[in-house]
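Visitor: Sequence first, predicted coordinates after that:
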Amino acid sequence: MADFLSTLNIKAKDFAAEMTSVNVQSKDLKGQRPIEKEHVDNNAAVRDIMLERGIVPENQPAVEDVKKVERRLKTEEKKVLKSKG
């Protein structure tokens, strides 16, 4: 799924995850439930900010599959090397 997310959505998810990481330490959270709740709360907060700014995450266009891009780049690289050789 993440292979198709827009850069904005990837960065939003990363931001929420970093907030969770910081808060787990600063709030000394222990156990799965408190950490999960923190993570869900942070994702909701980031989503709320995006919505306040007129950005609807699920309306962001999907990007090209990362795996397809990697394969295409490898193929093109082989062609370039072959033409130089």
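Guide: Right, received. Where do you want to start? Residues are numbered from 1 along each chain as shown.

Visitor: Mind giving me the packing neighbours of the helix or strand hosting Val24?
Guide: According to DSSP states H and E, Val24 maps onto helix 7-26. The contact analysis (3 or more CB pairs under 8 Å, 6 or more residues apart in numbering; DSSP states H and E) places helix 7-26 against helix 32-52. To be clear about C-beta, it is placed using only N, CA and C from the backbone, and glycine gets the same treatment.

Visitor: quick one: buried residues of the helix it packs on?
Guide: 35, 38-39, 42-43, 46-47, 50 (16 or more other CB atoms under 10 Å).

Visitor: thinking again about what came up before, just want the angle from the helix holding Val24 to helix 32-52.
Guide: 140 degrees (axes from the mean of the first three to the mean of the last three CA atoms, to 10 degrees).

Visitor: Which residues are in contact with Lys79?
Guide: For Lys79, the contact set (CB atoms under 8 Å, 6 or more residues apart in numbering) is empty.

Visitor: all numbers from here: first residue = 665
Guide: All set: I'll call the first residue 665, so the last point we hit is now Lys743.

Visitor: now the host helix or strand of it, how far from the chain's geometric center?
Guide: Here Lys743, judged by DSSP H and E, is contained in helix 730-748. Taking CA atoms, centre = their mean, to the nearest Å, the mean C-alpha location of helix 730-748 is offset from the chain mean by 25 Å.

Visitor: Export only the CA atoms of that helix, formatted as PDB.
Guide: Extracted C-alpha coordinates of helix 730-748, given in PDB (Å, rounded to 0.1, in the frame of the first residue of the first chain):
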ATOM      1  CA  VAL A 730       7.900   1.900  -6.600                       C
ATOM      2  CA  LYS A 731       8.700  -1.700  -7.600                       C
ATOM      3  CA  LYS A 732       7.700  -0.900 -11.300                       C
ATOM      4  CA  VAL A 733       9.900   2.200 -11.200                       C
ATOM      5  CA  GLU A 734      12.900   0.200  -9.800                       C
ATOM      6  CA  ARG A 735      12.500  -2.400 -12.500                       C
ATOM      7  CA  ARG A 736      12.200   0.200 -15.200                       C
ATOM      8  CA  LEU A 737      15.400   2.000 -14.000                       C
ATOM      9  CA  LYS A 738      17.300  -1.300 -13.900                       C
ATOM     10  CA  THR A 739      16.200  -2.100 -17.500                       C
ATOM     11  CA  GLU A 740      17.200   1.400 -18.700                       C
ATOM     12  CA  GLU A 741      20.500   1.100 -16.900                       C
ATOM     13  CA  LYS A 742      21.200  -2.200 -18.600                       C
ATOM     14  CA  LYS A 743      20.300  -0.600 -22.000                       C
ATOM     15  CA  VAL A 744      22.700   2.300 -21.400                       C
ATOM     16  CA  LEU A 745      25.500   0.000 -20.300                       C
ATOM     17  CA  LYS A 746      25.000  -2.200 -23.300                       C
ATOM     18  CA  SER A 747      25.000   0.700 -25.700                       C
ATOM     19  CA  LYS A 748      28.300   2.000 -24.200                       C
END
